[in-house]
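Asker: Need the 3D shape of this:
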Amino acid sequence: MDNGRCTKHFPKLCQTDTITNIDGYPSYRCRDVDNGGQSYELRLSNGVRVDIDNRWVVPYSPLLCKTYKAHINVELCSSVVHQVHL
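Answerer: Predicted coordinates:
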């Protein structure tokens with residue numbers, strides 16, 4: 001968070017298809033609530049209620065999470081430049 005805003009660009013935009021942006025990073029398909037997406041009302045410890053939907057979900061692999069018993073974020077790597085982070 002920086003000045004009350006998420007530095008990781010959440011919530012993400014909902015879109016019908018996964019696309020690769022001009023910088024090589026993917027923008028994943030995200031269903032909004034009107035098109036079959038999930039929504040959940042979360043109660044914070046201070047009593048405030050917040051609506052959470054698919055725009056707030058980090059890409060992950062259920063298989064890797066189960067195999068390693070840990071949460072593992074997964075993103076498509078489509079450029080040699082991005083493979084440095086692997």
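Asker: Just checking, which helix or strand succeeds the helix or strand of the chain with the lowest mean pLDDT along the chain?
Answerer: Across the helices and strands of the chain, mean confidence by mean pLDDT, DSSP states H and E is lowest for strand 26-27: a mean of 82. Counting by DSSP states H and E, the next helix or strand C-terminal to strand 26-27 is strand 39-43.
Asker: buried residues in that next one?
Answerer: Under the neighbour-count criterion of 16 or more other C-beta atoms under 10 Å, strand 39-43 has nothing buried. Glycine gets a C-beta too; all of them are placed from N, C-alpha and C.
Asker: returning to what we had before: tell me what the least confident helix or strand of the chain is packed against?
Answerer: In terms of contacts (3 or more C-beta pairs under 8 Å, 6 or more residues apart in numbering; DSSP states H and E), strand 26-27 is packed against strand 19-20.
Asker: Quick one: mean pLDDT for the strand it packs on?
Answerer: For strand 19-20, mean pLDDT is 85.
Asker: before we move on, what about stretch 59-66?
Answerer: 86.
Asker: Contacts for it, please.
Answerer: Stretch 59-66 is contacted by residues Y28, H71, I72, N73, V74, E75 when judged by C-beta atoms under 8 Å, 6 or more residues apart in numbering.
Asker: Any chance of the backbone angles for the spatially most central residue of the chain?
Answerer: The centroid of the chain falls nearest to V58 when counting by C-alpha atoms, centre = their mean (2.8 Å). Backbone torsions of V58, given as degrees, to the nearest 10, read phi -80, psi 140.
Asker: Buried residues of stretch 55-75, list them for me.
Answerer: Those would be R55, for stretch 55-75 by 16+ other C-beta under 10 Å.
Asker: oh sorry, the question was meant for stretch 24-41
Answerer: Under the neighbour-count criterion of 16+ other C-beta under 10 Å, stretch 24-41 has C30 buried.
Asker: What lies in contact with it?
Answerer: Contacts for stretch 24-41 (C-beta under 8 Å, 6+ apart): 12-21, 49-55, 57, 59, 75-76, 78-79, 81-82.
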